[in-house]
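Asker: sequence isn't available, so here's the structure alone:
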């Protein structure tokens with residue numbers, strides 16, 4: 001069985017091609033850096049496995065996800081490289097191709113987006129390119145699967161043999177002399193000596209580390225410094241890596257001059273016409289906010305609310321009645337009935353009614369990603385992000401955090417600067433994830449029925465604004481950093497395929513459903529038992545239960561925020577496990593058999609101002625347990641993990657206090 005490595009620049013259709021060749025599904029998003037870990041699948045014909053490396057522009061890594069590729073090439077064995085190339089950006093894409101060829105393994109090019117290249121006036125002679133590179137070049141359409149059967153044949157039955165000598169790109173006499181010196185002293189077991197020598201001289205820190213483990217580090221440094229001085233004296237360059245990149249670029253231009261022609265200037269594409277509007281420095285952010293407002297109108301009012309009512313009616317109608325009949329038929333005890341109806345139905349059912357709204361939100365987020373608008377949002381936000389010490393790339397993890405903070409934090413791996421990456425990680429939990437959506441939906445349906453979308457939008461914007469303010473504060477104090485450059489591709493707009501959208505939506509939403517069937521299920525039973533038992537024994541009044549005792553101390557501290565009750569305190573404690581559990585806890589605490597009953601009860605315990613203060617606190621206070629775990633994993637620091645918990649709690653308390661104080665001063669109730 002052969003092992004195929006899938007490599008390419010971000011946004012070339014690499015992940016889509018992986019799904020087609022393997023018949024499996026991986027998360028696909030139309031923005032740079034979607035694949036941040038190596039993924040493995042088996043080819044549909046069963047004749048090999050394919051390893052999907054992170055999207056990268058060069059084998060000289062700048063970010064953590066790019067390190068995966070360099071370390072893989074150094075430490076793993078494989079048979080062939082499948083290099084996905086965007087035909088419309090071929091000059092830039094071939095930079096990676098040449099580095100892969102220098103490695104010495106067989107390479108097959110999957111040439112994608114030929115239609116986009118033609119729209120830009122580029123006429124590429126595929127046969128001539130294959131002849132010049134001495135490798136197979138297969139045109140494909142990754143989104144539709146066109147050409148993928150021929151590609152599959154090429155990497156299995158038609159797999160080219162490894163070349164006797166790696167592709168030799170001439171770098172000039174001075175650099176070739178340094179390459180020869182280095183390769184002559186390398187241990188025999190080193191993989192692809194010439195490739196390693198070039199990568200070392202280009203500044204690849206992963207390769208440098210590998211060489212220093214086997215060779216004299218002082219000699220290596222002297223070789224590097226002397227070569228750089230020679231190059232700087234002979235050529236108009238400031239650094240050795242700059243010279244290597246220039247030589248590669250010149251070589252690519254000579255190559256393309258023989259197989260690429262510009263048949264016309266290239267007409268203004270639809271993407272370019274749309275971008276004039278959505279990336280405008282004055283209109284870009286208002287358009288983004290308008291899009292989010294429309295999203296929440298669909299999620300809470302136009303589609304989500306009616307569908308949630310249908311689910312609520314089913315759970316508390318036929319399903320509840322059927323379960324009651326079944327329990328009566330087996331003579332179940334009152335205790336078992338109480339667990340099932342007051343615990344499971346109230347807790348799990350109270351969360352499941354919001355599944356339609358959450359899936360609608362995920363569907364729209366998937367549309368943003370697959371249509372190409374995600375990259376535009378990052379581009380529009382770059383100016384604002386730069387003012388607070390970040391760049392537009394940091395906003396992409398935050399947008400992903402709207403769905404779930406966990407993958408949002410993991411997406412920060414694509415950020416090059418270490419301090420900027422940490423800053424993005426600790427701020428992403430301030431983004432309002434889908435788990436909080438169930439709490440918002442419950443409260444806006446009671447107190448803000450005519451302005452649900454506007455209220456929810458204000459909470460999302462609040463999270464973004466506070467994150468930006470804190471970014472400015474932290475980047476100026478505890479996380480001072482060097483300036484970073486923001487580069488993001490603006491891929492052509494595409495109409496997302498329904499199959500891709502539905503799969504992506506399910507991949508995002510299935511975690512919520514799974515959590516309801518496991519984590520929330522178990523949590524609801526435990527919460528009910530804490531409300532059922534107390535120091536006085538079992539079946540005690542709710543106010544005398546263990547749950548009331550736990551929530552009482554917390555509730556006292558929350559009094560200045562407008563919701564200083566033990567019920568609110570208990571709900572917030574359980575919300576640390578998962579934000580959805582807040583709703584489950586309230587169903588159990590208020591003994592509400594269905595959502596409408598709970599809404600009626602909450603209307604008597606909260607005012608509109610107190611409800612908004614409570615939602616703001618839910619937005620900002622400590623990240624959930626899963627998010628805390630991934631912060632610890634990504635930062636590899638207990639100090640930053642505790643910092644993210646403590647500062648969020650302080651900010652949440654302060655903002656809710658300001659909301660209550662200002663609201664009362666303005667006469668709101």
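Answerer: Nice, thanks for sending it over. This is a predicted model, so every value here is computed, not measured.
Asker: secondary structure element for the residue of the chain most remote from its centre?
Answerer: Most distant from the centre of the chain: residue 331, at 49.7 Å, with distances by CA atoms, centre = their mean. Following DSSP states H and E, there is no helix or strand that holds residue 331.
Asker: what about residue 493, how many residues nearby?
Answerer: The tally of other residues near residue 493 (other CB atoms under 10 Å) stands at 19. (Each C-beta comes from the backbone N, C-alpha and C, glycine too.)
Asker: what ranges does the stretch 251-400 of the chain have for its helices?
Answerer: Secondary structure of the stretch 251-400 of the chain, counting by DSSP state H, counting those that start in this stretch: helices at 270-278, 284-296, 304-314, 320-329, 334-338, 346-352, 355-371, 373-387, 395-401.
Asker: next one: the stretch 401-550 of the chain
Answerer: Using DSSP H, counting those that start in this stretch, helices in the stretch 401-550 of the chain cover 405-410, 418-427, 434-447, 452-476, 498-517, 519-532, 546-557.
Asker: for residue 62, give me its contacts.
Answerer: Contact analysis of residue 62 by CB atoms under 8 Å, 6 or more residues apart in numbering lists residue 416.
Asker: thinking again about what came up before, show the backbone phi and psi for the residue farthest from the centre of the chain.
Answerer: Note on residue 331: its backbone torsions stand at phi 60, psi 50 [degrees, to the nearest 10].
Asker: still on that earlier bit, columns mean pLDDT on top of the helices of the stretch 251-400 of the chain, output as TSV?
Answerer: Shown next, in TSV, are the helices of the stretch 251-400 of the chain (pLDDT from 0 to 100):
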stretch	mean pLDDT
helix 270-278	85
helix 284-296	92
helix 304-314	90
helix 320-329	93
helix 334-338	91
helix 346-352	88
helix 355-371	88
helix 373-387	86
helix 395-401	87
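Asker: indicate which one of those helices is closest to residue 417.
Answerer: helix 373-387 (12.7 Å; CB to CB).
Asker: so that closest one versus helix 452-476, what angle?
Answerer: Angle of helix 373-387 versus helix 452-476, following axes from the mean of the first three to the mean of the last three CA atoms, to 10 degrees, is 50 degrees.
Asker: what helices or strands is helix 373-387 leaning on?
Answerer: Applying 3 or more CB pairs under 8 Å, 6 or more residues apart in numbering; DSSP states H and E, we find helix 373-387 packed against helix 270-278, helix 284-296, helix 395-401, helix 452-476.
Asker: which one of those lies nearest to residue 183?
Answerer: Closest among the helices and strands packed on helix 373-387, using CB to CB: helix 395-401, at 39.8 Å.
Asker: contacting residues around that closest one?
Answerer: Counting by CB under 8 Å, 6+ apart, residues outside helix 395-401 touching it are 31-33, 365, 368, 374, 377-378, 381-382, 385, 407-409, 411-412, 414-415, 424-425, 427-429, 431, 433, 464, 467.
Asker: tell me what angle whichever helix in the chain runs longest forms with helix 452-476.
Answerer: As assigned by DSSP state H, the longest helix anywhere in the chain is helix 638-665. Orientation check (the same axes, to 10 degrees): helix 638-665 against helix 452-476 gives 130 degrees.
Asker: other SSEs contacting helix 638-665?
Answerer: Contacting helix 638-665 under the criterion 3+ CB pairs under 8 Å, 6+ apart are the following elements: helix 418-427, helix 452-476, helix 608-620, helix 625-635.
Asker: quick one: closest of those to residue 96.
Answerer: helix 418-427 (22.7 Å).
Asker: buried residues in the closest one, which are they?
Answerer: Using 16 or more other CB atoms under 10 Å as the test for burial, helix 418-427 gives 419, 420, 421, 422, 423, 424, 425, 426, 427.
Asker: what do you get for stretch 181-191?
Answerer: 182, 183, 186, 190, 191.
Asker: comparing the helices and strands packed on helix 373-387, which comes out most buried?
Answerer: Mean neighbours per residue, mean count of other CB atoms under 10 Å, is largest over those for helix 395-401, with a mean of 26.
Asker: one step back: tabulate the helices and strands packed on helix 373-387 (JSON lines), appending distance to residue 526.
Answerer: Formatted as JSON lines, the helices and strands packed on helix 373-387 follow (distance: least, CB to CB, whole Å):
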{"stretch": "helix 270-278", "distance to residue 526": "47"}
{"stretch": "helix 284-296", "distance to residue 526": "33"}
{"stretch": "helix 395-401", "distance to residue 526": "28"}
{"stretch": "helix 452-476", "distance to residue 526": "29"}
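Asker: okay, and residue 4 sits in which element?
Answerer: Residue 4 is part of strand 2-8 when elements are defined by DSSP H and E.
Asker: circling back: for the residue farthest from the centre of the chain, list the residues it contacts.
Answerer: Neighbouring residues of residue 331 by CB under 8 Å, 6+ apart: there are none.
Asker: please report how far it lies from residue 662.
Answerer: Distance of residue 331 to residue 662, computed by CB to CB, to the nearest Å: 57 Å.
Asker: that older thread, parallel or antiparallel, which strands does the strand holding residue 4 pair with?
Answerer: Applying DSSP bridges, strand 2-8 is found paired with strand 48-52 (parallel), strand 80-86 (parallel).
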